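1. Quick one, structure for this:
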Amino acid sequence: MVSQTVSGSADKPIVRFVLSSALIADRTPFLSRPAERGKRASRMRTVIGANGACTAPHALASSAGLDVLKAGGSAAEAAVAIAASLAVVYPHMNSIGGDSFWLVRQPDGRLLGIDACGRAAHGADLALYGRAGLDAVPWRGPLAANTVAGTLSGWSAVLRATDSALPLERLLAPAIAYAEEGVETTPGYLALLTAKRTELESVPGFADVFLRGGPVLKQPALALSLRRLAAHGLEDAYRGALARDIAADLEAAGSPLALVDLEGHYADAVRPLGVKTSWGRLYNLPPPTQGLASLMILVLYDRVGARWGAPVGESFAHIHGLVEATKQAFLVRDRHVGDPDLMSQPAQAFLDDDALMDRLAAAIDPVRALPWTQPAKTGDTVWFGAMDGRGQSVSAIQSTYFEFGSGVVLPQTGITWQNRGASFRLAEDGWNALRPGRKPFHTLNPALAELRDGRVMAYGTMGGEGQPQTQAAIFTRYAAHGMDLQEAISAPRWLLGRTWGETSTALKLEDRFDPGLVDALRRAGHEVELVAPFTATMGHAGALVARPGGGFEAATDPRSDGAALAF
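-> Predicted structure coming up:
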């Protein structure tokens, strides 16, 4: 397990953790630097357990989840403990000031979807940005903090729907300890903090929390907020004293959000998208997420595989087929997916339209690449999952959109607020146009699958535009081509489209791919760029599998600071 030790002076303790080789095999060095990821990956093995399992992109969060499972908690309760811990120890990727989405499979097979996406503020209209002389929502600062943060409402909805029995105080205890006592920051966090310092240091509240503590991060105000939530309930952040403090800080910072926006927010229970394939039934969440695109990629790959003859894993047909399926899925996504209240038809209708799927599959050339210049969807985020011995499985994801979100940190509560509303277009109408009360488009999407042989698989990743692509890589490697779960995550990955700060829409490949495959993709017309062998650009993925006869498989990403744990 992960055992806690505390060192440092009496007034400045530091939480450090020792990873037990009994549970996570040979996953050291913990929080490895990029140059060490290859060595770490070579030692990583799929973790096997009999009673429960969890995975997260930070080992401290995984530890919090495992402790809940070992205490008799459910997968949903473990996932909330993971989510809370990640909000503290991975602040560059997520926060309780962001949004979250949940996909839960109950022991009887029922599926629960939770959309905890916040809507645009009543005061966030075109006139507001016009008065500021802006023709786009800024990426950072108070005017980027223009949507309600739904994450906490997601935790609340999941716990209610799954009949949680453990006290909320127990689930939040690890996160409170991490915030109060301090945690050693990760190389990835420090690298992003350095890279983004110039654009964030003047944003209200940011420097006071993230530019004062050096390599040890303490967040006392956030710890106090978590204690208040544990005492008064998660709804206090929307309709209680904590909500009033949040609203006051947002107003003082210059955000258009107000108490009325918080009071009117509730997470939505949604029917997950589902589709049958040759491997089993696959699930994801409906808009405003891009879950439709993630499912479409796999449906199209399944169909072209049947037409071409079953592709061999890691072959040209495998990689080319998925990349071309991605293009077709993204074209549909970019034309149709947004706030579900404003879509022309439900997302499930696209998946149910066999004629459409056949037509899109037929448009995929087995030997030539479709030229690609589409703009990318961005986003930093965390995916995590948990499974318990009672048969409950959770696939969940939460985010602040960009790294550190808007950069606004509320002084009374220590909450870093998201900038998801920066994705809105300042336009009267059309795709993702800003409108008070509207949900923004989300790259977030948690995946789950029921395989034909009875296995249940929960999987996902961070990475904006790369989320559907990495999901497709991991799922097909494991479920279609029989690769080991950890190997499916560690193997080299690809990303079609732009990444932040770049203009290239090329197909980016980690340089560990076979040179012959790279040459074949180039000959087919793919504009290939080779990138570092274990780059975080490819996301921080994870996966869990429950076996029909009992037992679990768990894996995490060597590109992250995570751990897969089971017992």
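
2. And the next helix or strand past the least confident helix or strand in the chain by mean pLDDT?
-> Lowest by mean pLDDT, DSSP states H and E among the helices and strands of the chain is helix 21-24, with a mean of 31. Once the chain leaves helix 21-24, the next helix or strand it forms, by DSSP states H and E, is helix 37-43.

3. other SSEs contacting that next one?
-> Counting contacts by 3 or more C-beta pairs under 8 Å, 6 or more residues apart in numbering; DSSP states H and E, helix 37-43 packs against no other helix or strand. The way it works is simple: take the backbone N, C-alpha and C, and place the C-beta from them, glycine included.

4. How far does it sit from its chain's centre?
-> Helix 37-43 has its C-alpha centroid displaced from the chain centroid by 23 Å (C-alpha atoms, centre = their mean, to the nearest Å).

5. tell me which residues in it are buried?
-> 37, 40, 41 (16 or more other C-beta atoms under 10 Å).

6. Cross-check the contact I'm expecting between the first one and residue 540.
-> So that's residue 37. No: if you go by C-beta atoms under 8 Å, residue 37 and residue 540 don't touch, sitting 11.3 Å apart.

7. From residue 294, how far out is residue 237?
-> Relative to residue 294, residue 237 is positioned 29 Å away (C-beta to C-beta, to the nearest Å).

8. what do you get for residue 536?
-> From residue 536 to residue 294 the distance is 20 Å (C-beta to C-beta).

9. Just want to know which of these two has more residues nearby.
-> A direct count of neighbours by other C-beta atoms under 10 Å for residue 536 and residue 294 places residue 294 higher, at 28 against 20.

10. in the stretch 1-150 of the chain, which spans are strands?
-> For the stretch 1-150 of the chain, the strands defined by DSSP state E, counting those that start in this stretch cover 2-9, 12-19, 47-49, 52-56, 99-105, 111-116.

11. Extract the residue ranges of the chain that are flagged as low pLDDT.
-> 1-35, 374-380, 498-504 (pLDDT under 70).

12. ok, longest helix in it?
-> When the chain is parsed with DSSP state H, its longest helix is helix 316-336.

13. helices or strands up against it?
-> By 3+ C-beta pairs under 8 Å, 6+ apart, helix 316-336 packs against helix 291-308, helix 347-352, helix 354-362, helix 466-475, strand 494-496, helix 515-523.

14. at 10 Å instead, please
-> Contacts defined by 3 or more C-beta pairs under 10 Å, 6 or more residues apart in numbering; DSSP states H and E place helix 316-336 against helix 291-308, helix 347-352, helix 354-362, helix 466-475, strand 494-496, strand 507-510, helix 515-523.

15. Restricting to C-alpha, output it in CSV.
-> Only the C-alpha atoms of helix 316-336 are listed here, as CSV (Å, rounded to 0.1, in the frame of the first residue of the first chain):
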residue,chain,number,x,y,z
PHE,A,316,-0.6,-0.2,-40.5
ALA,A,317,-4.3,-1.2,-40.8
HIS,A,318,-4.8,-0.8,-37.1
ILE,A,319,-3.2,2.6,-36.6
HIS,A,320,-4.3,4.0,-40.0
GLY,A,321,-7.8,2.7,-39.5
LEU,A,322,-8.2,4.4,-36.1
VAL,A,323,-6.7,7.7,-37.3
GLU,A,324,-9.1,7.8,-40.3
ALA,A,325,-12.0,6.8,-38.1
THR,A,326,-11.1,9.7,-35.8
LYS,A,327,-11.3,12.1,-38.6
GLN,A,328,-14.8,11.0,-39.6
ALA,A,329,-15.9,11.1,-36.0
PHE,A,330,-14.5,14.6,-35.4
LEU,A,331,-16.2,16.0,-38.4
VAL,A,332,-19.5,14.8,-37.0
ARG,A,333,-18.6,16.1,-33.5
ASP,A,334,-17.6,19.5,-34.7
ARG,A,335,-20.8,20.0,-36.7
HIS,A,336,-23.3,18.7,-34.1
